[in-house]
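Enquirer: Dropping the sequence and predicted coords here.
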Protein chains: 2
Amino acid sequence: MTTATSIFTPVEKDLSILIDNLTSLVQAQHPILGAAAEHLFTAGGKRIRPAIVLLVSRATMKGDDLTPRHRRLAEITEMIHTASLVHDDVVDEAELRRQVATVNSLFGNRVAVLAGDFLFAQSSWYLANLDNLQVVKLLSEVIRDFAEGEIQQGLSCFDTNVSLEKYLQKSYFKTASLIANSAKAAAILSDAGEGIANQIYSYGRNIGLAFQIVDDILDFTSPTEVLGKPAGSDLACGNLTAPVLFAMEEKPSLSILIEREFSEEGDLDQALALVYDSNGIEKARDLAHQHSQLALKELQYLPSCPATDSLRELTDYVLSRIK
Amino acid sequence: MTTATSIFTPVEKDLSILIDNLTSLVQAQHPILGAAAEHLFTAGGKRIRPAIVLLVSRATMKGDDLTPRHRRLAEITEMIHTASLVHDDVVDEAELRRQVATVNSLFGNRVAVLAGDFLFAQSSWYLANLDNLQVVKLLSEVIRDFAEGEIQQGLSCFDTNVSLEKYLQKSYFKTASLIANSAKAAAILSDAGEGIANQIYSYGRNIGLAFQIVDDILDFTSPTEVLGKPAGSDLACGNLTAPVLFAMEEKPSLSILIEREFSEEGDLDQALALVYDSNGIEKARDLAHQHSQLALKELQYLPSCPATDSLRELTDYVLSRIK
């Protein structure tokens, strides 16, 4: 099986520079946040977002090496992502993420809200200093989409009328917007032309959606030890994802259990059994596959190079997590 | 006594348009946040920040009326301010602000973190769409300063070695930076020239510092009913402000009480008595006066007009709150 690490070979050094820069930036400025930052930037994330920015940068750059602005854009992307995770964990009162204790659980809500605000603030300052208004607009759109996505998720809890379209929109806000817009911004910093920039945006949008759908499938299929939380925890808190939306079409009784918010003993177990007994997970897998194919198609006009190869392999890798 | 309302006469209509716009913007997008927003934008704030932006805009504008970008800048200023208040209240676990229940106490941390993020996100999007990189940089600096100020305040709790200089820096980050940078941005949108823009920045910086010092004095001198919290609450939680820093120079025993974090019965009352018995409050008042005079001096090159008169009167009004 391909691993994320082998796909990222063309930007391996770039990624390790990035992590060093981010950690020392936060630590130098704030000893208190330093502990939180170290924790954040080294806690086993796969760095898929900055890796895509760096790969797009390498696939589209004109000169021999990345410019400092390309590197800075990748850092901004990881900072925005990390800030949103920290605030998400406060909002969800989460204790674990990727099997590691969250900032709020270790340091309290106070430090977690501040650390998130600091990262958002620092990223918006870096962003302004890239001196490119189009890039500022793309990334400020992302920050707005995050807030929008979190709010929509809150509003649609246990709502069995949520359509697949609405689910995909929410997934775009939560996950795909950052990938699509930061990748497009990398193409813009390379002066790759509008056509390429838009294809890269579409690549990011579709791989981002595939990525989120796969994550939502893993919430049902991964063992508890891997998730760090019980399987079906999205369903338990009323977050209706692709497998559930498909399963509801086959099993009308599932909607009833959800609508009464699993208020009776055994409701949740019964609901999970209905999802596993349906074709929901398989149909969700097909949906993820469709989006990864759409992403792949957008790469045909990029020059052949190791970075383009990696972007292509990534569309397979995303799916391999559920094979 | 001059009231804030009479000073704001030249921009009274502008301010009421602004509040309507902000409330309907948030409400239209999010019914859940709507309640929080209504609460936020109508809950008795004095709107000093957007008023200064609007007054500077009117004092420097070339045409007959404000441009939509001037108005948008004032809205951004109030949104950033409001977002920071909402997150501050989460961080401080505050239940009341200006005698009104806080968003976190009414709607929970979840909605409060989201509402703050939404307002920051919306303001950074509006900001990017002003299409002026210099303005984007000025305001992104403010958001960074807020995070910095909150963190410094957390780090310096009960630290009796804090210098007056450090206190002023923290006050700049927390309060004066937004006023100074948004006022300067208004002058830039008016094409007022670099000299005027820098004087306006200095006006904002100094009136902002005076404003914060006065607030810190009021924490000692206002009755509990007005503050919505007991007098001396800054001191109680280890936030050492101007009156305390001056009082410590006269009363060495005050430092001892602070350093042991009021751990013994009666410590806090004794500390408050020492502050009242010293010249700390009077010296803090002198410091606020100095900064308001510095602010006044910066206005001499602005054209004579009702808006300039209001900016001038504001330097007196700030102090009148402690007369």
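Expert: Yes, it's here. Numbering: from 1, shown residues only, chains lettered A, B, ... in the order given.
Enquirer: For the rest of this, base every contact and every neighbour count on C-alpha atoms.
Expert: Noted.
Enquirer: ok, for the closest residue to chain B within the stretch 151-300 of chain A, nearest residue in space, not its chain neighbours?
Expert: In the stretch 151-300 of chain A, no residue comes nearer to chain B than A:Ile151, which is 7.1 Å away by Cα to the nearest Cα. Using Cα to Cα, 6 or more residues apart in numbering or on different chains and skipping residues adjacent in sequence, the residue nearest A:Ile151 is B:Leu114, 7.1 Å away.
Enquirer: Let me see the contact set for that neighbour.
Expert: A:91, A:147, A:150-151 (Cα atoms under 8 Å, 6 or more residues apart in numbering or on different chains).
Enquirer: what residues does chain A put near chain B?
Expert: Listed as neighbours of chain B in chain A under the rule Cα under 8 Å from any Cα of the partner chain: A:30, A:32, A:87, A:90-92, A:109-111, A:113-114, A:117-118, A:121-122, A:124-125, A:128-129, A:131-133, A:136-137, A:140-141, A:143-144, A:147-148, A:150-151, A:155.
Enquirer: what's around the residue of the stretch 151-300 of chain A closest to chain B, how many residues?
Expert: By the criterion of other Cα atoms under 10 Å in any protein chain shown, A:Ile151 has 20 neighbours.
Enquirer: Please work out how many residues are found near the residue lying closest to A:Val91 once chain neighbours are set aside.
Expert: Spatial nearest neighbour of A:Val91, excluding adjacent residues (Cα to Cα, 6+ apart): B:Arg110 at 4.6 Å. Here the count is done by other Cα under 10 Å, and B:Arg110 has 20 residues near it.
Enquirer: ok, now how distant is B:Arg110 from A:Val90?
Expert: The gap separating B:Arg110 from A:Val90 is 7 Å, by Cα to Cα, to the nearest Å.
Enquirer: and what of A:Asp216?
Expert: From A:Asp216 over to A:Val90 (counting by Cα to Cα), the distance is 20 Å.
Enquirer: now A:Gln134
Expert: 31 Å.
Enquirer: Mind checking which of those two has more residues around it?
Expert: Taking other Cα under 10 Å, A:Gln134 and A:Val90 do not tie; A:Val90 has more neighbours (25 against 15).
Enquirer: can you tell me which helix or strand the residue nearest to A:Val91 belongs to?
Expert: helix B:103-128 (DSSP states H and E).
Enquirer: The residue nearest to A:Val91 and A:Asp89 touch, don't they?
Expert: No: if you go by Cα atoms under 8 Å, B:Arg110 and A:Asp89 don't touch, sitting 9.9 Å apart.
Enquirer: Identify each buried residue in the longest helix belonging to chain A, please.
Expert: Longest helix of chain A, by residue count under DSSP state H: helix A:194-221. When burial is assessed from 16 or more other Cα atoms under 10 Å in any protein chain shown, helix A:194-221 yields the following buried residues: A:196-220.
Enquirer: what about the strands in chain A?
Expert: A:96-97, A:100-101 (DSSP state E).
Enquirer: How far does the last one sit from its chain's centre?
Expert: Relative to its chain's centre, strand A:100-101 lies at 18 Å (Cα atoms, centre = their mean, to the nearest Å).
Enquirer: Also stretch A:302-320?
Expert: Its chain's average C-alpha position is 18 Å from that of stretch A:302-320, according to Cα atoms, centre = their mean.
Enquirer: cool, and stretch A:52-68?
Expert: The answer for stretch A:52-68 is 21 Å, by Cα atoms, centre = their mean.
Enquirer: now the end-to-end length of that stretch.
Expert: One end of stretch A:52-68 sits 16 Å from the other (Cα to Cα).
Enquirer: which residues does A:Ser171 contact?
Expert: A:149, A:209, A:212.
Enquirer: so who does the first one touch?
Expert: The neighbours of A:Gly149, taking Cα under 8 Å, 6+ apart as the test, are A:170-171, A:173-174.
Enquirer: for these, which one is nearest A:Val275?
Expert: A:Ser171 (20.2 Å; Cα to Cα).
Enquirer: so what's that closest one scoring on pLDDT?
Expert: At A:Ser171, the predicted lDDT confidence score is 96.
Enquirer: per-residue confidence for A:Ile256?
Expert: Reported pLDDT for A:Ile256: 96.
Enquirer: just to revisit the earlier point, which among the residues of chain A next to chain B count as buried?
Expert: Buried among the residues of chain A next to chain B (16+ other Cα under 10 Å): A:30, A:32, A:87, A:90-91, A:109-111, A:113-114, A:117-118, A:121-122, A:124-125, A:128-129, A:133, A:136-137, A:140-141, A:143-144, A:147-148, A:150-151.
Enquirer: So for the most centrally placed residue in chain A, what's the nearest residue that isn't a sequence neighbour?
Expert: With distances taken as Cα atoms, centre = their mean, A:Thr175 lies nearest the centre of chain A, 4.0 Å away. Spatial nearest neighbour of A:Thr175, chain neighbours left out: A:Gly208 (5.9 Å); criterion: Cα to Cα, 6+ apart.
Enquirer: Let me know whether that neighbour touches A:Ala176 as I believe.
Expert: Yes: with contact defined as Cα under 8 Å, A:Gly208 counts as touching A:Ala176 (4.0 Å).
Enquirer: that older thread, quick one: mark the members of the contacts of B:Leu114 that sit in helices.
Expert: Using DSSP H, the contacts of B:Leu114 in helices are A:91, A:147, A:150-151.
Enquirer: count of neighbours near the residue lying closest to A:Asp267 once chain neighbours are set aside?
Expert: Closest residue to A:Asp267 apart from its sequence neighbours, by Cα to Cα, 6+ apart: A:Leu257 at 6.1 Å. Number of residues near A:Leu257 (other Cα under 10 Å) recorded here: 18.
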